[in-house]
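A.B. asks: sequence first, then the predicted structure, then my questions.
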Amino acid sequence: MRESEKWMQDDTLTGTLAFVDIASLENLNGLVIVGEKLLKKSVPIVDFDTAKAKLVHPETTNQEALIRVAGVLSRERAERNKKLDGKDARLADYFDVITGTSTGGLVTAMLTTPDENNRPLYAAKDITAFYLENCPKIFPQDSSIVANLAMNLKVLGKPKYDGKYLHSLLKEKLGDKHLRHTLTNVVIPTFDIKRLQPLKKNSNLDALLSDICIGTSAAPYYLPAHQFKSTNSTGETREFNLIDGGVAANNPALVAMSEVTKQIHKRNPDFVPFGANCKLYERFLVISLGTGTTSEEKYDAKEASEWGALGWLIGPDFAAPLLDIFTQASSDMVDFHLATVFQALESPDNYLRIQDDTLSGTLASVDIATSENLNDLIKVGEKLLKKPVSRVDFGTGKGKPVHPDITNQEALIRVAGVLSRERAERSKVLKPKSPSPNGKDAASN
């Protein structure tokens, strides 16, 4: 039997269970039990010498084989959807909101900023090449011991990197595009250190995307804060003093959902397909992609009890423990909250969180941008696709499979099919939207 052929048959029926027409309730329930047991049996083929089933994959159950077949069908459907939607289809065509903080904010901008043809600057497949080319220049590395020592001493008084290349790159790529120009709604959190508050949506504020991206990626310790001024349509000018949005929303999925909920209740025409009904969250479909967490135990109370201000800010190994703890804690809490909400509303499959928690050594660093390390991170991502769908377990702090038989890749393929069908349905009833003079209504910077 070829791998592409699956045969499922029970050959143990006896008595009334083997009859075609005994349809008593007892007999039918007996057949249901037979079917449930059959799913847990190994994949067989017929042995023509004995006319009985013979195991061909003892380690694979019929249920697992069916899930694998479902994955094949999903991939086939995705390929057909791709042909139907066209090779020029982009993520901005499918998502009502795309959100990201810090490096996620840069990705958000790349996926939603229009080029000269009013299509996204980057396809998702091009993001990796962008980072491979530019990360070594954003975070220049020097392998010498003296240079590393000098770099560590530098952070006592200044940011580790000057950010000049990053600033120049973003201004070049994003040009004069403002928030209102994005091809779909975006949420890019930043934090204003002068006002000591995260910046929230205001239709009168429409900053350059380059300034927003410089602000959301200005991670304390690593890159300098960003100050700029923006003038609104009435001529009012406001000054911004921004740092990385991760200090307030390292995982911005919940912020994005809050903004969408608010716009739905305001009857924003961009969100007409959702409608205004009491089962609002059933219409949400959230894909949350993390940048990875460490598998190593980081700090203990005995060690931290000896730290003063410098210890918390810099750490014994120049690892910025306070920033590390804040960002990790806020990210995990959002994951836990969203998973709980979707579970309570009986739509757990509408929330997909993909996060690697096995990073160690240089792979777990924020800024080691050597070619070797970046390529190793690509391999981590490729392996992550083959791992089962998981959620963070707050008892252990590690990922715990919630669908052991479904890989992240298969889950993404399923979501792609849902998005394609949703887009097709909307295209039948919705007219093209005209650009809003005040920017995207779900924008939050």
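C.D. replies: Received, thanks. Numbering: from 1, shown residues only.
A.B. asks: how many neighbours does Phe284 have?
C.D. replies: Counted with other C-beta atoms under 10 Å, the neighbours of Phe284 add up to 19. Quick note: C-beta positions are derived from backbone N, CA and C, even for glycine.
A.B. asks: which ones are touching the closest residue to it other than its chain neighbours?
C.D. replies: Residue nearest to Phe284 in three dimensions, not counting chain neighbours: Asn350, with 5.9 Å by C-beta to C-beta, 6 or more residues apart in numbering. Residues near Asn350 by C-beta atoms under 8 Å, 6 or more residues apart in numbering: 281-282, 284-286, 342.
A.B. asks: and Ala123, by the same measure?
C.D. replies: Ala123 sits next to Arg90 when contact means C-beta under 8 Å, 6+ apart.
A.B. asks: roughly how far does it sit from Asp93?
C.D. replies: From Ala123 across to Asp93, the span is 11 Å (C-beta to C-beta, to the nearest Å).
A.B. asks: what do you get for Ile413?
C.D. replies: For Ile413 relative to Asp93 (C-beta to C-beta), the value is 17 Å.
A.B. asks: again, but for Leu208
C.D. replies: Relative to Asp93, and taking C-beta to C-beta, Leu208 is found at 24 Å.
A.B. asks: more neighbours: which of those two?
C.D. replies: Taking neighbours as other C-beta under 10 Å, Leu208 and Asp93 compare with Leu208 leading, 19 against 16.
A.B. asks: wait, isn't the more buried one in contact with Thr231?
C.D. replies: No: assessed by C-beta atoms under 8 Å, Leu208 is found out of contact with Thr231, at 10.8 Å.
A.B. asks: go ahead and confirm Asp211 touches His226.
C.D. replies: Yes: using C-beta under 8 Å, Asp211 is in contact with His226, at 6.8 Å.
A.B. asks: ok, back up a step: so which of the contacts of Asn350 belong to helices?
C.D. replies: The helices in this structure, assigned by DSSP state H, contain Phe342 from the contacts of Asn350.
A.B. asks: and of the contacts of Asn350, the nearest to Gly245?
C.D. replies: Closest approach between those and Gly245, by C-beta to C-beta: Val286, at 18.2 Å.
A.B. asks: what about the closest one, neighbour count?
C.D. replies: What Val286 shows, counting by other C-beta under 10 Å, is a neighbour count of 21.
A.B. asks: for it, give me the pLDDT.
C.D. replies: Looking at Val286, its pLDDT reads 93.
A.B. asks: once you drop chain neighbours, what's closest to it?
C.D. replies: That would be Tyr351: by C-beta to C-beta, 6+ apart, it lies 4.9 Å from Val286.
A.B. asks: what is the neighbour count of that neighbour?
C.D. replies: 23.
A.B. asks: read off the pLDDT value for it.
C.D. replies: 91.
A.B. asks: swap in Pro404?
C.D. replies: With respect to pLDDT, Pro404 scores 83.
A.B. asks: then Leu412?
C.D. replies: pLDDT, Leu412: 91.
A.B. asks: same question, Asp11
C.D. replies: pLDDT, Asp11: 77.
A.B. asks: follow-up on the earlier one: where's the residue nearest to Phe284 relative to Arg180, distance?
C.D. replies: 29 Å.
A.B. asks: repeat that for Thr103.
C.D. replies: 23 Å.
A.B. asks: over to Ile314?
C.D. replies: Separation of Ile314 from Arg180 (C-beta to C-beta): 40 Å.
A.B. asks: got it, and Arg119?
C.D. replies: Distance from Arg119 to Arg180, by C-beta to C-beta: 17 Å.
A.B. asks: who's more crowded, those two?
C.D. replies: Using other C-beta under 10 Å as the criterion, Arg119 and Arg180 rank with Arg180 on top: 17 against 14.
A.B. asks: my read is that one is in a strand, agree?
C.D. replies: No: membership of Arg180 in a strand is not supported by DSSP: H, G, I helix; E, B strand; the rest coil, which gives helix.
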